[in-house]
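Asks: Provided below for reference: sequence and predicted model.
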Amino acid sequence: MNKDSIKIFGLSSNKPLTKKVCDLLEVTESQAKTSKFKDGEMIVQSLDSVRGQEIYIIQSTNQPVSDNLMELLIAIDAFKRASAQKINVVIPYFGYARQDRKAKGRQPITARLVANLIETAGANRVITVDLHSAQTMGFFNIPTDNFSTAQTMASEIIDTIIKNKLDPENCILVSPDHGGLTRVHGVASYTGQITTGIAVIAKRRPEPNKAEVEFILGDIQNKTCFVIDDMIDTGGTIINGARALKEAGAEDIYLFACHGLFNGDATSKMQDAINEGIVKEVIVTDTIDIPEERKFEGLKIVTVSNLLSNMILSSYEKSSLTNVYHDFKDSLTKTVEEYLKEFKK
């Protein structure tokens, strides 16, 4: 990589993740300044020249969602007008992705609106991590990649099983709903025989951020359950699911999610669930920079900086990421095989 010909900018939402990515790539982070007028208007200015260069903008559109989204759009426009050759937008957490269809009459499809805004602003490519639904990629008319954290989640699950010397026969992956089965199958392809089977929590949503558990499909009696979701917002839905698993006879429950939003009273809910023994541990990634006041005892944050740095490197070198995924899978498979041999002795 010619480190002088690539520019990586981290906007306001997730500076720590940008720093980790730049450190892994051994690239100096480029600087952009975001200022606000007294009435709240934003202006973004690049402090480094980008003329004729390929640039990467890292910005999650989490809370405050509209501010972070506007900062991203304004930055794209600024770089386009500064004659950047190619603008790659890296959105570790894509806000508004849940509004990908009309669930009821007279509702918007805001995910499509946001896609149109990003394109119109001047982005040449969009890179996301674990979209709420993969079909959101179809809202873009520019190249779009949605990278999965399945291998990151699987690695943590494998480490947890090995650390606690758990019996693979009693470890099961759990989808919090039918829609998340594809995500769980992706994790299962990495965990292999260190977990046994998949269970599903069937639920219905009477309104946003609320869910009612109807039944659990699968044998979770006396088993360690690894619940895998794409995000934890207010926490009510996934905790209700964990409570239902516990009442159905589950032994220990670990909650895994790519995006840790922890909005509203989610932090206190999570802490209460851990203190009551319903949940053993909560594991999320750093796609969102979680402030100290939203952290709690029993929370573990793992980084996606390796995934993003490999993605940026492959994009820059115009090479495939498939080999990266295969190498990682081979490494996990070897770890699983070694543990299974030791466990059976």
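Replies: Received it, and whenever you're ready, just let me know what you need. Numbering: from 1, shown residues only.
Asks: Verify the stated contact: residue 30 with residue 9.
Replies: Yes. Contact criterion C-beta atoms under 8 Å: residue 30 and residue 9 qualify, at 5.1 Å. (C-beta placed from N, C-alpha, C; glycine too.)
Asks: list residues touching both of these two?
Replies: Residues within reach of residue 30 and of residue 9 at once, by C-beta atoms under 8 Å, 6 or more residues apart in numbering, are 46, 55.
Asks: higher neighbour count, the two?
Replies: Shown here are residue 30 and residue 9; by other C-beta atoms under 10 Å, residue 9 has more neighbours (24 against 21).
Asks: Tell me which helix or strand in the protein has the weakest average pLDDT.
Replies: Every helix and strand in the chain was compared by mean pLDDT, DSSP states H and E; the lowest is strand 210-217, with a mean of 81.
Asks: So, low pLDDT: which residues of the stretch 201-345 of the chain?
Replies: The stretch 201-345 of the chain contains residues with pLDDT under 70 at 206, 208-211.
Asks: I'd like to know how far the most centrally placed residue in the chain sits from residue 301.
Replies: With distances taken as C-alpha atoms, centre = their mean, residue 258 lies nearest the centre of the chain, 3.4 Å away. With distances taken as C-beta to C-beta, to the nearest Å, residue 258 is found 11 Å from residue 301.
Asks: Show me the common contact partners of these two, please.
Replies: 284, 285.
Asks: residues in contact with the longest helix belonging to the chain?
Replies: The longest helix of the chain (DSSP state H) is helix 322-344. Applying C-beta under 8 Å, 6+ apart, the contact partners of helix 322-344 are 151, 154-155, 158, 161-162, 165, 167-168, 189-194, 310, 314.
Asks: Name the SS class of the residue lying closest to residue 130 once chain neighbours are set aside, please.
Replies: In space, and not counting its chain neighbours, residue 130 is closest to residue 258: 4.1 Å by C-beta to C-beta, 6 or more residues apart in numbering. Three-state call for residue 258 (DSSP: H, G, I helix; E, B strand; the rest coil): strand.
Asks: Provide a list of residues in contact with residue 149.
Replies: 129, 130, 258, 285, 304, 307.
Asks: quick one: contacts for the residue nearest to residue 130?
Replies: 129, 130, 149, 153, 229, 230, 231, 284, 285, 287, 304.
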